[in-house]
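**Student:** I'd like to go over a predicted model; first the sequence, then the structure.
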Amino acid sequence: MKPKYLYILLTVWLGIPLFLHCASTVKDQESLSGQTGDTEAENSLYKTKLFGQTIIYEKPDESRWKLEQDIKNNARGSGMIMYMRVPVYDNKNRAVKPVIAILYEEIPREMKDVVQYYIFKMSALKSNTPDLKTVDSFDSEKWGLKYDGMIGFIHKNNQSGVIHTVITCYMLYKDIGVTIMCDSTEDVFDQVEDDMRRFIKSVTFENK
């Protein structure tokens, strides 16, 4: 069971089709240095160049999370890094594969406010997911985030008859806008929430 919500987000926001099991799918992040996402490891942190800026984050536990995609659309000035969880089984014994993703894009320099960026992105998403409901919100202080100025929201929505819990975070740095998207079915969310929060807390930019 894979999250349709993220498929919609990728297509609507960034123009990136999510091709699972294709040539752009990668297995090990360590092999990515100098490849599509220009990702490299430094101790326990990973650095990825996003159109001239460098984002830093702690990789999810590789025994549970596998790098599924690291793609960049230079023509649109957008890209994505996505980790997928090894299957977690819900109370109906369905295999669920939660995801953690960083979606990034070049933005107009006049867009300097993260709230403005959030409103801009959500207006497009809500038109495609009308049942999306916000159940909580947080900021850098509330969640102890490393990047000061990040804002986040916890949403719920119905995807093909299954309720999903989605954590969405927004951040701006110079001319780069970033969305962190963590998506899981509601039934298994408590099994992956700690990993998702740990990842979100680790994200920052170099030389911020």
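**Tutor:** Happy to help now that I have it. Model, not experiment: these values are computed from the prediction.

**Student:** now do the strands in this protein.
**Tutor:** Ranges of strands within the chain are 39-42, 45-50, 53-58, 65-73, 78-85, 88-89, 95-96, 99-106, 133-139, 151-159, 162-173, 176-185, 204-205, based on DSSP state E.

**Student:** packing partners of the fourth one?
**Tutor:** I take that to be strand 65-73. The contact analysis (3 or more Cβ pairs under 8 Å, 6 or more residues apart in numbering; DSSP states H and E) places strand 65-73 against strand 78-85. Any C-beta I mention is one placed from the backbone N, CA and C, and that applies to glycine too.

**Student:** got it, and the second one?
**Tutor:** Contacts of strand 45-50 with other secondary structure elements, assessed using 3+ Cβ pairs under 8 Å, 6+ apart, are made with strand 39-42, strand 53-58.

**Student:** alpha carbons of that strand, as CSV, please.
**Tutor:** Taking C-alpha atoms only, strand 45-50 is exported to CSV below (Å, rounded to 0.1, in the frame of the first residue of the first chain):
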residue,chain,number,x,y,z
LEU,A,45,24.6,13.5,8.4
TYR,A,46,23.9,13.7,4.7
LYS,A,47,24.3,16.7,2.4
THR,A,48,22.5,17.2,-0.9
LYS,A,49,23.0,20.1,-3.2
LEU,A,50,19.7,21.7,-4.2
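
**Student:** partner strands of that strand, with direction?
**Tutor:** Strand 45-50 pairs in its sheet with strand 39-42 (antiparallel), strand 53-58 (antiparallel), by DSSP bridges.

**Student:** weakest of those strands by average pLDDT?
**Tutor:** Lowest mean pLDDT of the strands paired with strand 45-50: strand 39-42, a mean of 58.

**Student:** before we move on, back to that, rank the strands of the chain by pLDDT, which is bottom?
**Tutor:** strand 39-42 (a mean of 58).

**Student:** can you give me the distance of the residue of the chain most remote from its centre to Gly161?
**Tutor:** Note on the chain: the largest C-alpha distance from the chain mean falls to Lys92, namely 26.8 Å (Cα atoms, centre = their mean). Using Cβ to Cβ, to the nearest Å, we find Lys92 at a distance of 12 Å from Gly161.

**Student:** what do you get for Asp183?
**Tutor:** In terms of Cβ to Cβ, Asp183 sits 16 Å off from Gly161.

**Student:** who's more crowded, these two?
**Tutor:** Asp183 (27 against 5; other Cβ atoms under 10 Å).

**Student:** shouldn't the more buried one be in contact with Pro98?
**Tutor:** Yes - with contact defined as Cβ atoms under 8 Å, Asp183 counts as touching Pro98 (6.3 Å).

**Student:** so who does Phe189 touch?
**Tutor:** Pro98, Thr165 (Cβ atoms under 8 Å, 6 or more residues apart in numbering).

**Student:** how does it look with 7 Å?
**Tutor:** Phe189 makes contact with Thr165, according to Cβ atoms under 7 Å, 6 or more residues apart in numbering.
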